[in-house]
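[1] sequence first, then the predicted structure, then my questions.
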Amino acid sequence: MKLKKKEKPTPAISTASLPDIVFMLLFFFMVTTVMRETDLKVKVVVPQATEIQKLEKKSLVSYIHIGVPTESFRAQFGTAPRIQLNDAFATPSMIAEFIDKERAARSEQEVPLLTTSIKADREVKMGIVTDVKQELRKANALKLNYSSSLRTEVY
Amino acid sequence: MARPVQEVNAGSMADIAFLLLIFFLVTTTIDTDKGISIKLPPMPEENQPKNDIRIKERNVLQVLVNANDMLLVDGQPSDIKELKRLAKDFIDNPSKNPELSESPQKAIISLKNDRGTSYNIYIQVHNELKAAYNELRDARARMLYGRGMDQLPESRQNEIKDYYRQVISEAEPEG
């Protein structure tokens, strides 16, 4: 008897579950995407540096933005660099209160780990940054991070 | 007459989902927070007497930045591109120059800036000083253990960090 290979048509791979898989991925990304909590009212282009470190715990970081108000706010607030805390423009004297609020929102063990991240535009002058630094020292918030982006070329 | 229920073609569902997925992938900015970390000195207490600790002149590297972003390093006009080399020479002092620091542990870098100094140059100065320390630490790690700093266990890292202790003192702002 001769064995004859019969040509069987290969069944097509079912793609019916593909949408499910893709939807799962989609939901994963939708859930993990963190929308920016605060609207930036100041223009910030952080300086570039080579020796940067990652901030480990995002939940333990409070942000202070410093920069020139964005165009829609210029008519009202002018073009001088300003400080933004949370959602509003602020003066240096409001920083102590801001730090107190940030501390109150955390548990006691986490308070010493709180870091302040200064996101300042590279064009601003040190005067306003010095004021912020002094206020932070007064509030005893000494862990500080100057937000910077990575620069690849080295001097 | 009942018509047979027409089945919805779900074949293009995957395409739609992919489209959405790609949209989210593209718009998601993984907002990593990176930057130069420093520790501010605590505010001096008001009734605390001014402590004039005498530090030998040779153990201090004065870095001044004026309102025009020009650098003065130990009295000499300098450039940001030179700062790292100057700082490394000062900290390590391999040639035992009597003008430079006695030992890496005694080296102090004093930083002073004007209110008109740009934030960018201030960060660059911090960056270069940090780079000087990092390079010295890495070189020592390679000399002692034949490996870079990032490959050493933490105890060894701390040992080297203690050897090259980064002391950057920022001047109290005036006024």
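    Everything's here; your move.
[2] for the helix or strand encompassing residue A:98, which helices and strands make contact with it?
    Per DSSP states H and E, residue A:98 falls inside helix A:95-104. Packing contacts for helix A:95-104, counted by 3 or more C-beta pairs under 8 Å, 6 or more residues apart in numbering or on different chains; DSSP states H and E, involve strand A:61-69, strand A:82-85, helix A:126-138. C-betas here are computed from N, CA, C, even on glycine.
[3] which one of those lies nearest to chain B?
    Among the helices and strands packed on helix A:95-104, helix A:126-138 comes nearest to chain B, with 3.5 Å by C-beta to the nearest C-beta.
[4] what's the burial count for the one residue in chain B that gets nearest to chain A?
    Residue nearest to chain A within chain B: residue B:115 (3.5 Å; C-beta to the nearest C-beta). Close neighbours of residue B:115, defined as other C-beta atoms under 10 Å in any protein chain shown, add up to 15.
[5] one step back: would CSV of the helices and strands packed on helix A:95-104 with distance to residue A:152, mean neighbour count and mean pLDDT be doable?
    Formatted as CSV, those follow (distance: least, C-beta to C-beta, whole Å; neighbours: other C-beta atoms under 10 Å in any protein chain shown; pLDDT from 0 to 100):
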stretch, distance to residue A:152, mean neighbour count, mean pLDDT
strand A:61-69, 24, 21, 91
strand A:82-85, 29, 22, 91
helix A:126-138, 25, 19, 91
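[6] possible to save the ones you listed as TSV with distance to residue A:111?
    Formatted as TSV, those follow (distance: least, C-beta to C-beta, whole Å):
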stretch	distance to residue A:111
strand A:61-69	11
strand A:82-85	18
helix A:126-138	14
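[7] columns distance to chain B on top of the ones you listed, output as TSV?
    Listed next are the helices and strands packed on helix A:95-104 as TSV, based on distance: least, C-beta to the nearest C-beta, whole Å:
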stretch	distance to chain B
strand A:61-69	6
strand A:82-85	13
helix A:126-138	3
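[8] nearest to residue A:102, of the ones you listed?
    The closest of the helices and strands packed on helix A:95-104 to residue A:102 is strand A:61-69. By C-beta to C-beta, the value is 4.3 Å.
[9] neighbouring strands for the closest one, and are they parallel or not?
    Applying DSSP bridges, strand A:61-69 is found paired with strand A:42-43 (antiparallel), strand A:82-85 (antiparallel), strand A:115-120 (parallel).
[10] need the ones you listed in JSON lines (columns: distance to residue B:144).
    Listed next are the strands paired with strand A:61-69 as JSON lines, based on distance: least, C-beta to C-beta, whole Å:
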{"stretch": "strand A:42-43", "distance to residue B:144": "47"}
{"stretch": "strand A:82-85", "distance to residue B:144": "45"}
{"stretch": "strand A:115-120", "distance to residue B:144": "31"}
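[11] point out where chain B drops to low pLDDT.
    Counting by pLDDT under 70, chain B contains low-confidence ranges at B:1-2, B:10, B:29-32, B:47-53, B:175.
[12] buried residues in stretch B:146-166, which are they?
    B:149, B:152, B:160, B:164, B:166 (16 or more other C-beta atoms under 10 Å in any protein chain shown).
[13] list the residues that contact the third one.
    Pointing back at residue B:160 there. Each residue near residue B:160 by C-beta atoms under 8 Å, 6 or more residues apart in numbering or on different chains is listed here: B:137, B:140, B:141, B:144, B:149, B:152.
[14] give the next helix or strand downstream of the helix or strand it falls within.
    Secondary structure assignment for residue B:160, by DSSP H and E: helix B:154-163. Under the assignment DSSP H and E, the closest C-terminal helix or strand after helix B:154-163 is strand B:168-170.
[15] strands paired with that next one, and their directions?
    When DSSP bridges is applied, strand B:168-170 pairs with strand B:108-113 (parallel).
[16] thinking again about what came up before, of all the strands paired with strand A:61-69, which one is nearest residue A:21?
    Each of the strands paired with strand A:61-69 has some distance to residue A:21 by C-beta to C-beta; the shortest is strand A:115-120, at 37.6 Å.
[17] gap between the closest residue in space to residue B:171 that isn't next to it in sequence and residue A:84?
    Spatially, and ignoring its direct neighbours in sequence, residue B:171 is nearest to residue B:112 (4.0 Å; C-beta to C-beta, 6 or more residues apart in numbering or on different chains). For residue B:112, the distance to residue A:84 (C-beta to C-beta, to the nearest Å) stands at 28 Å.
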